[in-house]
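> please find the sequence and the predicted model below.
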Amino acid sequence: MSRCYEMFVRVSGVAPDKIEAVKNAAEEEWRFDGWYDQNGELTACGQDRLCGGETADEFAQRLAKAVWTANGGGCRVEVHATCQEVPYEAYCFDEDDYRRLRDPVRQGCRELFD
């Protein structure tokens with residue numbers, strides 16, 4: 001099962017004539033919501049799911065390679081991956097649990113020593 005992630009990317013040191021190519025290459029790898037260009041530093045973020053079994057680390061490397069290819073050389077690529085799925089636990093109680101949990105002697109740590 002693939003998990004939902006928010007990816008934030010910051011790219012700097014891109015050749016001025018390659019900015020659009022870098023944006024397009026990154027968008028081929030992830031669904032970014034839009035780009036901001038602050039004096040040649042490009043930033044974007046977006047939510048999506050990783051491809052079949054891919055880790056966030058593998059995605060970040062794949063994105064960096066796509067950016068470097070589009071740039072025609074190396075540049076700084078910073079990726080922040082935030083998993084959007086919060087772990088949770090579910091509990092189900094039945095009649096036996098009702099009787100067990102009502103017994104004050106068997107609650108908490110005391111149950112460990114009985």
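Received it, and whenever you're ready, just let me know what you need. Numbering: from 1, shown residues only.
> show me which positions of the helix or strand hosting residue 45 end up buried.
Assigning secondary structure by DSSP states H and E places residue 45 in strand 41-49. Using 16 or more other C-beta atoms under 10 Å as the test for burial, strand 41-49 gives 42, 43, 44, 45, 46, 48. All C-beta spots, glycine's among them, are computed from the backbone N, C-alpha and C.
> report the rounded mean pLDDT for that strand.
Average pLDDT, strand 41-49: 95.
> now the strands for this structure?
Assigned by DSSP state E, the strands in the chain fall at 4-12, 35-38, 41-49, 76-83.
> could you list the buried residues of the last one?
Translated: strand 76-83. Buried residues in strand 76-83, counted by 16+ other C-beta under 10 Å: 77, 79, 81.
> lowest-confidence one in those residues?
Minimum pLDDT across those is recorded for residue 81, with 93.
> that one touches residue 60, doesn't it?
Yes. Shown here, residue 81 and residue 60 form a contact pair, counting by C-beta atoms under 8 Å, at 6.6 Å.
> dump the C-alpha coordinates for the biggest helix by length in the chain into CSV.
Counting residues, the longest helix found in the chain (DSSP state H) is helix 56-71. Presented in CSV, the C-alpha positions along helix 56-71 are these (Å, rounded to 0.1, in the frame of the first residue of the first chain):
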residue,chain,number,x,y,z
ALA,A,56,10.6,8.7,0.4
ASP,A,57,14.4,8.4,0.1
GLU,A,58,14.2,6.7,-3.3
PHE,A,59,11.7,9.3,-4.5
ALA,A,60,14.0,12.2,-3.4
GLN,A,61,16.9,10.6,-5.4
ARG,A,62,14.6,10.1,-8.4
LEU,A,63,13.5,13.7,-8.3
ALA,A,64,17.1,15.0,-7.9
LYS,A,65,18.2,13.0,-10.9
ALA,A,66,15.3,14.4,-13.0
VAL,A,67,16.1,18.0,-12.0
TRP,A,68,19.9,17.5,-12.7
THR,A,69,19.1,16.0,-16.1
ALA,A,70,16.8,19.0,-17.0
ASN,A,71,19.4,21.4,-15.7
